[in-house]
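S.K.: mind folding the following:
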Amino acid sequence: MVKSKTEQLIIDELEKLAPEHGVDIVDVEVTGATKAPCVRVRLEGAEGEALSLDEVCAHTSWVGDRIEELDPIPSAYTLEVSSPGIDRPLRRPCDFARFTGEPCELTTTATEGRRRFKGVIAEATGASVTLELEDGERVEIAFDDVKKCTLKPVIDFKAKEGKN
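M.R.: So this is what the prediction gives:
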């Protein structure tokens, strides 16, 4: 998975502390302007369970303290700590394996040909992910080439048959 040096530094440091706090670092993203970027840290329970708002708030303190100690961003920044949400990012091979059979949207770093893929995660190994695309084609992508991947759950708002 391709991450900036700053993002990877923050991930590595937070992952060292996460087990003692009973959480898993789902993703870290640094976005926005260079003068005042936003650091987004997404957490979930160590066993993949969702965290309540109160739990996320409780973890914000140690996350913020560790990022401040690292001082990876020379200017002011905004810190956002949250759960991964419905469009959960996938970062590690174990994340892809956990969500096999789920729809996702994936962007690669490839400079030739196609860069964006929508499909269902068909298989995940330690080195690559295989997607079954909407047209039935299967494509294998090395994790080193994955720039970003998020789950794209299908939500059906139609009422069940026989109910109004």
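S.K.: excluding its backbone neighbours, what's nearest the residue nearest the centre of the chain?
M.R.: Central residue of the chain (C-alpha atoms, centre = their mean): residue 89, 2.5 Å from the mean position. Spatially, and ignoring its direct neighbours in sequence, residue 89 is nearest to residue 27 (4.3 Å; C-beta to C-beta, 6 or more residues apart in numbering). All C-beta spots, glycine's among them, are computed from the backbone N, C-alpha and C.
S.K.: about what we covered before: what is the residue nearest to the centre of the chain paired to in the beta sheet?
M.R.: Counting by DSSP bridges, residue 89 is bridged to residue 150.
S.K.: skipping its backbone neighbours, what lies nearest residue 126 in space?
M.R.: residue 93 (5.2 Å).
S.K.: would you check that the one you found makes contact with residue 121?
M.R.: No. At 11.3 Å, residue 93 does not count as touching residue 121 under the criterion of C-beta atoms under 8 Å.
S.K.: contacts only, for residue 39.
M.R.: 10, 28, 29, 30, 67, 73, 77, 78, 79, 80 (C-beta atoms under 8 Å, 6 or more residues apart in numbering).
S.K.: would you say the fifth one is within a strand?
M.R.: No. Residue 67 is assigned helix when assessed by DSSP: H, G, I helix; E, B strand; the rest coil, not a strand.
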